[in-house]
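**Q** Need coordinates for the below:
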Amino acid sequence: MLIARLIADPSDLETRLDAASAALADAGLPLADAHLLDASSDVLQLELPGDDMAVLRKVIDAHFTPSDAIIARDEIRVPQLFVSDMDSTMIGQECIDELADFANLKPQIAAITERAMQGELDFESALRERVMLLRNLSEGAIFECLDTRIKPMAGAKTLVETLKSKGCRTVLVTGGFHHFADPIAAQLGFERVVGNRLEVTNGALTGGLVGGITDSGVKKTVLLEEADELGEGIVTLATGDGANDIPMLQEATYGVAYHAKPKARDAANGWIDRGDLTVLLKLFGIPETEWVS
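**A** From the prediction side, this is the model:
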């Protein structure tokens, strides 16, 4: 059985649903049921026999784009573990790109960041190259950047706090830096932070890093270790937007690509293309009366 929950433009929805149903039937996946989660909901649930998730998402993209959706092979449940990327997912910026502005290096660093996010560059090499460009930048510039430029993504705090109210463990894991991630995690309510640590000497960046690198493999490992701590059969949610999030997205019960790069979106079994992060609460069937701001 395949189950999809999606939110799309409500205009002419019935016509588009009929067309999607016909396309699924032609592909050998006849639609068994389609209904709104409840009378006040804008979440459409599709149920159909079969296992071809690729065909289902192709049909959803063809008839409901832009949409926000999760596709699963079982009943969709509220997660017990939430692991998220930070930059361009929980916050609206790429921290290192904003920090580069203080060193008048934004074009050079942004170009490296974009190539890494698209999967064109090895993450560790790209990270070390960008950090080296920031050598001698004052630590005070980091705090100024955080205060003046870094803003939470719409719905981020509500998502985290609401999931926590349902007993969900929350972890922020980032290829960015603890200088940013620690205060962001505290602001949004995350219970654990995993990230990279900039080396600072005499109040300035040295151009180096302290300790190991938080890359795509570490993100996946954190999800697996946290799930193992919670016990067998844990329902997990991961969110991210770039290539270095792909292993984590693929490992989670629900891997949701948030306004993501194409490779990350293709790898996930859920996506948010039109709404903010509170869309996830709707897709999990949590009524707004139970959301925690």
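**Q** what about the helices in the stretch 51-200 of the chain?
**A** Listed in chain order, the helices found in the stretch 51-200 of the chain under DSSP state H, counting those that start in this stretch are 53-64, 95-102, 106-117, 123-133, 139-149, 156-165, 178-188.
**Q** winner for burial among those?
**A** helix 95-102 (a mean of 22; mean count of other C-beta atoms under 10 Å). All C-beta spots, glycine's among them, are computed from the backbone N, C-alpha and C.
**Q** helices and strands around that one, which ones?
**A** Helices and strands touching helix 95-102, by 3 or more C-beta pairs under 8 Å, 6 or more residues apart in numbering; DSSP states H and E, are helix 106-117, helix 123-133, helix 139-149, strand 169-177.
**Q** who does the shortest one pair up with?
**A** Same thing as strand 169-177. strand 81-84 (parallel), strand 192-201 (parallel) (DSSP bridges).
**Q** what's the closest of these to Thr278?
**A** Distance to Thr278, taken as C-beta to C-beta, is lowest for strand 81-84 among the strands paired with strand 169-177, at 13.7 Å.
**Q** average pLDDT for that closest one?
**A** Strand 81-84 shows a mean pLDDT of 99.
**Q** how far does that strand sit from the chain's center?
**A** Chain-centre distance of strand 81-84: 9 Å, with C-alpha atoms, centre = their mean, to the nearest Å.
**Q** got a list of contacts for it?
**A** Here strand 81-84 makes contact (C-beta atoms under 8 Å, 6 or more residues apart in numbering) with 90, 160, 163, 168-173, 190, 219, 222-223, 226-227, 230, 234-240, 248, 252.
**Q** Out of the helices of the stretch 51-200 of the chain, which is closest to Gly270?
**A** Set against Gly270 and scored by C-beta to C-beta, the helices of the stretch 51-200 of the chain come closest in helix 53-64, at 9.6 Å.
**Q** domains of the protein?
**A** The domain map for the chain lists 1-76, 77-93+152-293, with the assignment taken from automatic domain parsing.
**Q** Measure how far the last one is from the centre of its chain, please.
**A** Shown here is domain 77-93+152-293, whose average C-alpha point lies 6 Å from the average C-alpha point of the whole chain (C-alpha atoms, centre = their mean).
**Q** how about Gln250, what does it touch?
**A** Neighbours of Gln250 in contact, by C-beta under 8 Å, 6+ apart: 267-268.
**Q** Try it again at 10 Å.
**A** Gln250 is in contact with 220, 238, 267-269, counting by C-beta atoms under 10 Å, 6 or more residues apart in numbering.
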